[in-house]
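Undergrad: Sharing a sequence plus its predicted fold:
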Amino acid sequence: MREIRPAAERGRTRLDWLDSRHSFSFGDYRDPGRMGFRALRVINEDRVEPGRGFDPHSHRDMEIVSYVLGGALEHRDSLGNGSQIRPGDVQRMSAGTGITHSEYNPSAAEPVHFLQIWLLPERGGLAPSYEQRHFAPAELRGGLRLVASRDGREESVRVHQDVRIYAALLEPGERASHALAPGRHAWLQVARGRVALGDAALAAGDGAALSGEPAVELVAAESSEVLVFDLA
């Protein structure tokens, strides 16, 4: 089974400093049929204006992964962590029993464009924690590179859920494939560019859910960046 989630059908939050597109229900966008996919609860594509951002706010019992596509995102949290997240960086914050953080665009001129991803944790009440790793473009080019996993294998960030997240940068005509074990599911998110998923053409912002399929098979129609989630 394969279901396409077109970019144009996503929910939207539009403020003077934020343009956010929601693949699943989030905030004021409510769709009972779009409450997530397996443990994947949120994919928001956010664009934040220069010098603006999310004031300090709190989370509990959620795995939050930030993936920057352009610009920089400045992170501060109640654990004392502070960093800037740029393209190639993958940040994981486990909210656990409770954490407060803020996210700002530190640039005075350039917007920041990023994906905010929420995963349900395997259990509640975890200790809050934070991790960030950089993946050079060469690591992502031409194939799917593991960037997040339950066990932190291959120097990926560690998430507290049975999920593996892969990222790829593909040039026109390049192929990427990921085999799915029996009983596993996948979500494909096209971050930029255009790809073919079998006979389906997907463009930036489009997503696709796969269940009962042997593999995710992609061919890039133009320079593209994609994420693939392998889910229980």
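TA: Sure, I can see it. Residues are numbered from 1 along each chain as shown.
Undergrad: Domain ranges for the protein, per the record?
TA: Annotated domains of the chain cover 8-134, 137-231 [automatic domain parsing].
Undergrad: Tell me which of those lies nearest to residue 2.
TA: domain 137-231 (5.3 Å; CB to CB). (Each C-beta comes from the backbone N, C-alpha and C, glycine too.)
Undergrad: May I have the distance across the closest one, first residue to last?
TA: From the first residue to the last, domain 137-231 extends over 25 Å; the measure is CA to CA, to the nearest Å.
Undergrad: quick one: average pLDDT of that domain?
TA: Across domain 137-231, the average pLDDT comes to 98.
Undergrad: thinking again about what came up before, Throw the domains of the chain into JSON lines and include distance to residue 2 and mean neighbour count, thanks.
TA: Shown next, in JSON lines, are the domains of the chain (distance: least, CB to CB, whole Å; neighbours: other CB atoms under 10 Å):
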{"stretch": "domain 8-134", "distance to residue 2": "12", "mean neighbour count": "17"}
{"stretch": "domain 137-231", "distance to residue 2": "5", "mean neighbour count": "18"}
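Undergrad: Reformat the ones you listed into CSV and put distance to residue 1 next to each item.
TA: Output for the domains of the chain, formatted as CSV (distance: least, CB to CB, whole Å):
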stretch, distance to residue 1
domain 8-134, 12
domain 137-231, 5
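Undergrad: Helices of this structure, residue ranges please.
TA: Using DSSP state H, the helices found in the chain span residues 137-140.
Undergrad: and the gap between the residue nearest the centre of the chain and residue 131?
TA: Taking CA atoms, centre = their mean, the centroid of the chain lies closest to residue 117, which sits 4.3 Å from it. From residue 117 across to residue 131, the span is 14 Å (CB to CB, to the nearest Å).
Undergrad: same question, residue 109
TA: Per CB to CB, residue 109 is found 30 Å from residue 131.
Undergrad: and if you look at residue 195?
TA: Distance, residue 195 to residue 131, by CB to CB: 29 Å.
Undergrad: Now do the same contact list for the residue nearest to residue 42 when sequence neighbours are not counted.
TA: Leaving aside its chain neighbours, residue 42 sits nearest to residue 118 (3.5 Å; criterion: CB to CB, 6 or more residues apart in numbering). For residue 118, the residues meeting the contact criterion (CB atoms under 8 Å, 6 or more residues apart in numbering) are 40, 41, 42, 62, 63, 64, 65.
Undergrad: cool, residue 202 as well?
TA: 4, 188, 190, 194, 195, 196, 208.
Undergrad: and these as CSV, adding distance to residue 52?
TA: What follows is the contacts of residue 202, written out as CSV (distance: CB to CB, whole Å):
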residue, distance to residue 52
4, 33
188, 30
190, 26
194, 30
195, 32
196, 37
208, 32
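Undergrad: contacting residues around stretch 45-60?
TA: Under CB under 8 Å, 6+ apart, the answer for stretch 45-60 is 10, 16-21, 23, 73-74, 76, 93, 95-116, 205.
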